[in-house]
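>>> My questions concern the predicted model and sequence given below.
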Amino acid sequence: LAKTTQPISMDSYEGQEVNITCSHNNIATNDYITWYQQFPSQGPRFIIQGYKTKVTNEVASLFIPADRKSSTLSLPRVSLSDTAVYYCLVGEAGRRALTFGSGTRLQVQP
Amino acid sequence: KAGVTQTPRYLIKTRGQQVTLSCSPISGHRSVSWYQQTPGQGLQFLFEYFSETQRNKGNFPGRFSGRQFSNSRSEMNVSTLELGDSALYLCASSDGVNTAFFGQGTRLTVV
């Protein structure tokens, strides 16, 4: 399994764009990159998944460079409710034995 | 479509007792995975069931077991509870092809 490295924590203010970068140097050809969001005492919530280039949905964008050794989750105009832990996972699509790292704790200030 | 449902949401047990947690996956999903989350160890994979068969198992002692029924609902059992078993237990369901979706979890406190 490809190991991931993310910043432990990040701070931002409401209305700003937040970019969280994840390093995954050993990503395999069949691996996808998936991001989850987790609030305290709740289950992780799927945010976005991608394989290469750029993926966008109503919540976030995911940027993946050509070498796929890193990825960046972009949250546009964050609000206080975006304060959470964000996990970057790398693995085959549909993989069910997920390996979570420590995640990035995002704190959004008013 | 209803999401993943876990019951109960909160549970308090005494050391040495056993506990059973339940998970109802998203309709049509045949894979159910279980995870334990603690402040010290983070989110760790326990095991996964697909069509009533255990397909993957994490590095946990035999006190942790599970099963899956023909309707894909799953139960997880922990016997001889220890204080260190206090955690948020999470269930995730998947169709085996796409990403997994998690339930709200069961908060187990062992006293």
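Received it, and whenever you're ready, just let me know what you need.

>>> Tell me where the model's unsure across chain A.
A:1-2 (pLDDT under 70).

>>> Contact partners for whichever residue of it sits closest to chain B?
Closest contact between chain A and chain B, by CB to the nearest CB, is at residue A:43 (3.3 Å). Just so you know, the C-beta spots here come from the backbone N, C-alpha and C atoms, and that holds for glycine as well. With contacts defined as CB atoms under 8 Å, 6 or more residues apart in numbering or on different chains, residue A:43 is in contact with B:4, B:6, B:90-92, B:102-105.

>>> Keep only those residues that also lie close to chain A.
Among these, proximity to chain A is found for B:4, B:6, B:90-92, B:102-105 (CB under 8 Å from any CB of the partner chain).

>>> Residue B:37: which of the residues you listed is nearest?
Each of these was scored against residue B:37 by CB to CB, and residue B:90 proved nearest at 6.2 Å.

>>> Now that closest one: phi and psi?
Dihedral angles phi and psi of residue B:90 (degrees, to the nearest 10) take the values phi -120, psi 140.

>>> I'd like to know how many residues surround residue 11.
You didn't say which chain, so I picked chain A. 11 (other CB atoms under 10 Å in any protein chain shown).

>>> Not quite, go with chain B.
15.

>>> Which helix or strand contains the closest residue to it other than its chain neighbours?
Spatial nearest neighbour of residue B:11, excluding adjacent residues (CB to CB, 6 or more residues apart in numbering or on different chains): residue B:108 at 5.0 Å. Using DSSP states H and E, residue B:108 maps to strand B:106-110.

>>> what sits up against that strand?
A:41, B:6-15, B:19, B:21, B:78, B:81-89.

>>> Can you turn the buried subset of those into a selection I can paste into ChimeraX?
Restricted to buried positions by 16 or more other CB atoms under 10 Å in any protein chain shown, the ChimeraX selection for the contacts of strand B:106-110 reads:
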select /B:6,13,19,21,78,81,85,86,87,88,89
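
>>> Dihedrals phi and psi, residue B:84?
Per degrees, to the nearest 10, the backbone of residue B:84 is at phi -70, psi -10.

>>> which ones are touching it?
Residue B:84 touches B:38, B:110, counting by CB under 8 Å, 6+ apart.

>>> Now do the same for it: its pLDDT.
Predicted confidence (pLDDT) for residue B:84: 96.

>>> Could you do the one 3 residues further on as well?
The confidence metric pLDDT takes the value 97 at residue B:87.

>>> Contact residues of chain A facing chain B?
So chain A meets chain B at A:34, A:36, A:41-46, A:49, A:87, A:93-94, A:96-103 (CB under 8 Å from any CB).

>>> now the residue of chain B found nearest chain A: how far from residue A:21?
Among all residues of chain B, residue B:102 sits closest to chain A, at 3.3 Å; criterion: CB to the nearest CB. Between residue B:102 and residue A:21 the computed distance is 24 Å (CB to CB, to the nearest Å).
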